[in-house]
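Peer 1: Next come a sequence and a model predicted from it.
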Amino acid sequence: MNCIFCKIINKEIPSNVVFENDKILAFHDIAPQAPVHVIIIPKIHVSSANEVNENNSNYISEIFIAIPEIAKKLGIDESGYRIINNCGKDGCQSVGHIHFHLLGGKMMSESF
Ligand code: AMP
């Protein structure tokens, strides 16, 4: 499968890892949109939010369990942050492996 995030999981492509366990991986975004911009992914190929189901939802919950720890590690737990998932064409999803953007380190815009 020609998935760039699967290649990052398999260390075929380098990434700047922030957090990793057996189920998930978090790494700095290559084109950060905020002072802190981390991508968090499950270590199984799930294409998008449309493909989340009872068989893979434990990977998604693992992401949300890790978010407080990742935010603390990056020093944005107190100041706050935004978590974004883009799904499909209208959501402007550009990588077809479900991922959550963790953005912080500045005041976010109130509009989308
Ligand atoms: P999205 O537009 O929601 O699909 O977000 C994909 C994100 O992945 C973008 O913010 C990209 O900058 C980021 N990205 C793509 N390739 C890499 C890479 N090799 N390493 C780190 N981040 C990447």
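Peer 2: Alright, I've got the coordinates. Residues are numbered from 1 along each chain as shown.

Peer 1: make it CA atoms for all contacts and neighbour counts henceforth
Peer 2: Will do.

Peer 1: Now the longest helix anywhere in the chain: buried residues?
Peer 2: Taking DSSP state H as the criterion, the chain has its longest helix at helix 57-73. Within helix 57-73, the residues scored as buried using 16 or more other C-alpha atoms under 10 Å are Y59, I60, E62, I63, A66, I67, I70, A71.

Peer 1: My read is that the last one contacts D77, right?
Peer 2: Yes: using C-alpha atoms under 8 Å, A71 is in contact with D77, at 4.9 Å.

Peer 1: where do the helices sit along this structure?
Peer 2: 4-9, 57-73.

Peer 1: among the ones you listed, which is nearest the ligand?
Peer 2: Taking C-alpha to the nearest ligand atom, helix 4-9 is the member of the helices of the chain nearest to the ligand, at 6.7 Å.

Peer 1: which residues touch the residue nearest the centre of the chain?
Peer 2: Nearest to the mean C-alpha position of the chain, by C-alpha atoms, centre = their mean, lies I40 at 2.3 Å. Contacts for I40 (C-alpha atoms under 8 Å, 6 or more residues apart in numbering) come out as I24, L25, A26, F27, I63, H99, F100, H101, L102.

Peer 1: cool, I63 as well?
Peer 2: I24, I40, I41, P42.

Peer 1: Perfect, that will be all.
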